[in-house]
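# from the sequence below, what's the structure:
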Amino acid sequence: MTEETPTINAAELAILEPLGTRRPVEAGDYLYREGDASYDFYVVLSGLVEITVAADGEDRLIISHGAGRFLGELNLLTGSRVFVSARVAEAGEVLAVPAAAFRRIIATQPELSDKILAAFIARRSDLLQGAAVATRVIGSRYSAEALQIREFLARCHLPYEWLDADADAQVDDLLRQFSVEPSELPVVISSGTVLRRPSTGVLAEFLGLTIGRVPDRCFDLVIVGGGPAGLAAAVYGASEGLRTLGLDMVAPGGQAGTSSRIENYFGFPLGISGGDLTGRGFIQAEKFGAQMSTPCAVVALTEEAGHLTLELADGTMVAGRAVIAATGAQYRRIEADRLAEFESRGVYYAATDLEARLCAGSPVVVVGGGNSAGQAAVFLADQGSPVTVVIRGPDLTASMSRYLIDRLEGHPHITILSQTQVVGLEGGEILTALRLAGPSGETTLPCAALFSFIGADPQSRWLCGKAAMDSRGFVLTDRALTAEDLDRQWEVLGRDPLPFETSCPGLFAVGDLRSGSMKRVASAVGEGSAAVRSVHDHLAFVAQRTA
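Numbers count the residues shown, from 1 in each chain. Prediction:
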């Protein structure tokens, strides 16, 4: 493990000790085990504790912690299952601080919080390699279900090991060991538990990432959508004292979380990947006490007893005194022959490290003329793939930033085909070529992967007509609302809609979902942050009316 050796000093111990319990420990004791649902925050006062992970029938040592060191990693904040075991190697004494008290320390003691969080983030980074065997995903490289599981774990920054059933020699032994039939693939083996063909929802529930681990069902603020706008709202809502719940139907980060590199985001002159940026936002939200749950699809919105009530896909109901809608927009599917056959087997809607490895330097096509398409093209070309960018318009200037256009036009491994569209896909078990229609007629282009970034449709159906929308389904807010959009309840309230407020009082819309938004990461973060101010104003109006 590459972690440096941060220790708890006497002043920091004085902060922690009133919240915890001193406990003698003996060699061989376990403070927590791999697969446990939760655990305490431990400071080693004396003795030695080893952090291990089970691998192929034996415990693999990751690191040892002596006096003054502290145990734990990011799942103390997220509430997910434990990936490693903490075994006492030399008798001594530990301070055990309950998880709830630990979270209060993280939110209220900035210097101590910074030290602990820096160590936790470094440990998670190391666990993504060193403890990957804690969770194993076994399946076919051609399986859309297997790819969906891998994408979910990767986007949640959870350690896992991928075993290709078509090529890995140890797969047969593992399948026999756990009595798994080939027809039951893909499987996830985590801490000795076998999940056969799990959906991402089932996997997330097992790992402790869903709403089931949250005891409350009523919040000051519920945020639907975990992209930059939603995460920013969660950070500001929780940090300003609102009981905050964040929900996302797929994984934290939204579309921005799949961006390989964002170079025009303020404060990052060398660029930052979307996954890193939104991953930091997720940790920051949980640092301040926001409850984050994924995947949680909201299917309906109603008003009950002064609250906005959300129904989740599994039937769970949660209520909020205010709701921020930040579900963004979803890339459209290309209208081309045999597209559905190759989705997740050559057709992708994100370009992350996972998809780049699947392409392995083979020729690929990126369809779309926006910034997301440009970022994907540069990333894939830098990974060694010859890239063809296909656009329907005459050039890229209509929707792509100038710096990206210059990058594409100057890259030796990128070709741009304008006034061209994909009309068909070819191949057997995997994608091998595309049929393109362009100025010179129809041609066939060898291609191992198609990355689609065309247009976007708003994800607004879950609002169930509670908010006025424009002709394309994007949500209207504040000054964009007309008198016809506002019903009699606004007369009763005696106020106009607040910034980012929809035609439904207490319901706010931010980011790509909002009509007229800039469709940029920076503006989404700004909107999510600013909307929390309007939430406070709305709650103050409600308090005045009920006083």
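
# strands of the stretch 1-150 of the chain, start to end?
21-25, 30-32, 41-55, 58-65, 85-97, 135-139 (DSSP state E, counting those that start in this stretch).

# rebuild these as CSV, extending it with mean pLDDT.
Formatted as CSV, those follow (pLDDT from 0 to 100):
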stretch, mean pLDDT
strand 21-25, 98
strand 30-32, 97
strand 41-55, 95
strand 58-65, 91
strand 85-97, 98
strand 135-139, 94
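
# most neighbours per residue, which of the ones you listed?
Highest mean neighbour count of the strands of the stretch 1-150 of the chain: strand 135-139, a mean of 23 (counted as mean count of other C-beta atoms under 10 Å). Placement of C-beta: from N, CA and C, glycine included.

# quick one: furthest residue from the center of this structure?
Seen from the C-alpha centroid of the chain, the residue lying at the greatest distance (C-alpha atoms, centre = their mean) is residue 440, 42.3 Å away.

# roughly how far does that residue sit from residue 389?
Per C-beta to C-beta, to the nearest Å, residue 440 is found 17 Å from residue 389.

# next: residue 90.
60 Å.

# and what of residue 318?
Between residue 318 and residue 389 the computed distance is 42 Å (C-beta to C-beta).

# residue 238 too?
Applying C-beta to C-beta, the value for residue 238 to residue 389 is 40 Å.

# what about residue 197, neighbour count?
Neighbourhood size, residue 197 [other C-beta atoms under 10 Å]: 16.

# my guess is it contacts residue 181. True?
No. Using C-beta atoms under 8 Å, residue 197 makes no contact with residue 181, being 10.8 Å away.

# list the contacts of the closest residue to residue 503 other than its chain neighbours.
Nearest residue to residue 503, sequence neighbours excluded (C-beta to C-beta, 6 or more residues apart in numbering): residue 468, at 4.2 Å. Neighbour list for residue 468: 475, 476, 481, 485, 502, 503 [criterion: C-beta atoms under 8 Å, 6 or more residues apart in numbering].

# out of those, which end up buried?
475, 476, 481, 502, 503 (16 or more other C-beta atoms under 10 Å).

# let me see the backbone angles for the second one.
By that I understand residue 476. Taking degrees, to the nearest 10, you get phi -80, psi 140 for the backbone angles of residue 476.

# cool, the last one as well?
In this entry, residue 503 is assigned phi and psi values of phi -70, psi -10 (degrees, to the nearest 10).

# again, but for residue 445
Dihedral pair for residue 445: phi -120, psi 120, per degrees, to the nearest 10.

# you'd agree it is up against residue 431?
No. Using C-beta under 8 Å, residue 445 makes no contact with residue 431, being 11.3 Å away.

# tell me the domain boundaries of the chain?
Split into domains by automatic domain parsing, the chain comes to 10-101, 132-207, 216-328+459-546, 332-455.

# and the ones you listed, which is most packed in?
Most buried among the domains of the chain, counting by mean count of other C-beta under 10 Å: domain 216-328+459-546, with a mean of 20.

# ok, and the residue nearest to the spatial centre of the chain, which helix or strand is that part of?
The chain has residue 252 as the residue nearest its centroid, 1.8 Å off, counting by C-alpha atoms, centre = their mean. Assigned by DSSP states H and E, residue 252 falls within no helix or strand.

# so what's it up against?
Listed by C-beta under 8 Å, 6+ apart, the contact partners of residue 252 are 155, 156, 226, 231, 278, 279, 282, 292, 294.

# cool, and residue 454?
Neighbours of residue 454 in contact, by C-beta under 8 Å, 6+ apart: 331, 332, 334, 367, 368.

# once you drop chain neighbours, what's closest to the second one?
Of all residues beyond its chain neighbours, the one nearest residue 332 is residue 455 (4.5 Å), with distances taken as C-beta to C-beta, 6+ apart.

# pLDDT on the helix or strand hosting that neighbour, on average?
Taking DSSP H and E as the definition, one finds residue 455 inside strand 454-458. With pLDDT averaged residue by residue, strand 454-458 scores 88.

# so how far is stretch 327-344 from its chain's centroid?
Put simply, stretch 327-344 sits 21 Å off its chain's centre (C-alpha atoms, centre = their mean, to the nearest Å).

# how far does it stretch from one end to the other?
Using C-alpha to C-alpha, to the nearest Å, the end-to-end distance of stretch 327-344 comes to 23 Å.

# partners of residue 88 in the sheet?
For residue 88, the residues forming beta bridges with it (DSSP bridges) are residue 49.

# what sits against it?
25, 26, 27, 28, 29, 30, 31, 47, 48, 49, 50.

# for the fifth one, which non-adjacent residue is spatially closest?
It stands for residue 29. Excluding its sequence neighbours, the residue lying closest to residue 29 (C-beta to C-beta, 6+ apart) is residue 88, at 4.3 Å.

# and if you look at the first one?
The spatial neighbour of residue 25 that comes closest, neighbours along the chain excluded (C-beta to C-beta, 6+ apart), is residue 88 at 4.6 Å.

# and the fourth one, by the same measure?
Once flanking residues are discounted, residue 28 sits nearest to residue 88: 6.5 Å by C-beta to C-beta, 6+ apart.

# I'd like the distance between residue 358 and residue 124.
Distance, residue 358 to residue 124, by C-beta to C-beta: 24 Å.

# and for residue 470?
Going from residue 470 to residue 124 by C-beta to C-beta gives 41 Å.

# now residue 281
15 Å.

# kindly report the same for residue 135.
Counting by C-beta to C-beta, the separation of residue 135 from residue 124 is 13 Å.

# identify the contacts common to the two.
Residues touching both residue 135 and residue 124 by C-beta under 8 Å, 6+ apart: residue 159.

# for residue 43, list the residues it contacts.
With contact set as C-beta under 8 Å, 6+ apart, residue 43 has these partners: 8, 13, 16, 20, 68, 69, 70, 71, 94, 95, 97.

# how about it: what's its closest non-neighbour residue?
The shortest distance from residue 43 to any non-neighbouring residue, by C-beta to C-beta, 6+ apart, is to residue 95 (4.3 Å).

# quick one, strands of the stretch 401-547 of the chain?
Under the criterion DSSP E, counting those that start in this stretch, the stretch 401-547 of the chain contains strands at 414-417, 421-427, 431-438, 441-446, 449-452, 454-458, 507-509.

# show me what the fourth one pairs with in its sheet, parallel or antiparallel.
Sheet neighbours of strand 441-446, with direction, are listed as strand 431-438 (antiparallel) (DSSP bridges).

# what's in contact with the strand it pairs with?
With contacts defined as C-beta under 8 Å, 6+ apart, strand 431-438 is touched by 336-337, 342, 345-347, 365, 390, 417, 419-427, 442-450.

# how much space separates residue 525 from residue 279?
From residue 525 across to residue 279, the span is 14 Å (C-beta to C-beta).

# remind me which residues of the stretch 51-200 of the chain are low pLDDT?
Low-confidence segments of the stretch 51-200 of the chain (pLDDT under 70): 130-131.

# which residues in it form helices?
Secondary structure of the stretch 51-200 of the chain (DSSP state H, counting those that start in this stretch): helices at 75-78, 99-108, 110-130, 144-155, 171-177, 200-207.

# would CSV of those with distance to residue 373 be doable?
Below are the helices of the stretch 51-200 of the chain laid out as CSV (distance: least, C-beta to C-beta, whole Å):
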stretch, distance to residue 373
helix 75-78, 32
helix 99-108, 39
helix 110-130, 28
helix 144-155, 19
helix 171-177, 36
helix 200-207, 26
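
# for residue 512, find the nearest of those helices.
In terms of C-beta to C-beta, the element of these nearest to residue 512 is helix 144-155, at 17.8 Å.
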